[in-house]
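A.B. asks: the following block contains a protein sequence and its predicted model.
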Amino acid sequence: AQSVTQLGSHVSVSEGALVLLRCNYSSSVPPYLFWYVQYPNQGLQLLLKYTSAATLVKGINGFEAEFKKSETSFHLTKPSAHMSDAAEYFCAVSVLSASKIIFGSGTRLSIRP
Amino acid sequence: GAGVSQSPSNKVTEKGKDVELRCDPISGHTALYWYRQRLGQGLEFLIYFQGNSAPDKSGLPSDRFSAERTGESVSTLTIQRTQQEDSAVYLCAGGRSTGELFFGEGSRLTVL
């Protein structure tokens, strides 16, 4: 069965600093991987997804993630944090498109002025 | 509709009562998922539908929980004899073969 682990329930960075949110997955077959974002008082929305094409995936709002099979990781990065990036970020994994999708426990990102 | 609609948005009920939560996904989304999000926690998978059938019900916490979907559209999640630990936001999401999920804003359930 697939699973996903997000390291760090809370990450705080200064505005303009690098954002790095960590996600490791476990899957017996090649996975599909996703990052979702939940802004305060809003529903979850897709940030980016990996579906076995390019290993470096670019998403909305300047975020990107790199699939590293050897490390079973799919970390989310953004070169320069903006105050509007403050939100909860969830990593998710599935093994087939439109099948069971499992979410991590989430990482809350805070941005310091 | 333009997005995923969930109702009620807020429900307060007494312990022991039954509740029914409704999800109306985006037209054409053959896959439909239910998740539970307790305060300050991640998304807990409950069940997913492919069309009207549910290949995976493994996430339903107990036999008090059930869900159905009709017409490859609307789905209802029913919780019988609610308990205080059922208090949470129940999220519904629809998707296509690309695996991208479109979430509703959730139904917040409070069991007193």
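C.D. replies: Right, received. Where do you want to start? Numbering: from 1, shown residues only, chains lettered A, B, ... in the order given.

A.B. asks: where along chain B do the strands fall?
C.D. replies: Taking DSSP state E to define them, one finds strands in chain B at B:5-7, B:10-13, B:19-24, B:31-37, B:43-50, B:53-56, B:65-69, B:75-79, B:88-95, B:101-103, B:107-111.

A.B. asks: and residue 108, what does it touch?
C.D. replies: Because you didn't say which chain, this covers chain A. Counting by C-beta atoms under 8 Å, 6 or more residues apart in numbering or on different chains, A:Arg108 touches A:9-11, A:87-89. C-beta here means a position set from N, CA and C on the backbone, and glycine is covered the same way.

A.B. asks: please refer instead to chain B.
C.D. replies: For B:Arg108, the contacting residues are B:9-11, B:88-89, by C-beta under 8 Å, 6+ apart.

A.B. asks: quick one: buried ones out of the residues you listed?
C.D. replies: In the contacts of B:Arg108, burial by neighbour count holds for B:11, B:88-89, counting by 16 or more other C-beta atoms under 10 Å in any protein chain shown.

A.B. asks: work out which residue lies at the spatial centre of chain B.
C.D. replies: Among the residues of chain B, the one closest to the centroid is B:Trp34, at 3.7 Å (C-alpha atoms, centre = their mean).

A.B. asks: and if you look at chain A?
C.D. replies: Closest to where the C-alpha atoms of chain A average out (C-alpha atoms, centre = their mean) is A:Trp35, at 3.5 Å.

A.B. asks: lowest-pLDDT helix or strand in the chain?
C.D. replies: Picking chain A for this. Using mean pLDDT, DSSP states H and E, strand A:102-103 stands out as the lowest-scoring helix or strand of chain A, at a mean of 90.

A.B. asks: please go with chain B instead
C.D. replies: The helix or strand of chain B with the poorest confidence is strand B:53-56; it has a mean of 86 (mean pLDDT, DSSP H and E).

A.B. asks: each with direction, which strands does that strand pair with?
C.D. replies: Taking DSSP bridges as the criterion, strand B:53-56 sits next to strand B:43-50 (antiparallel) in its sheet.
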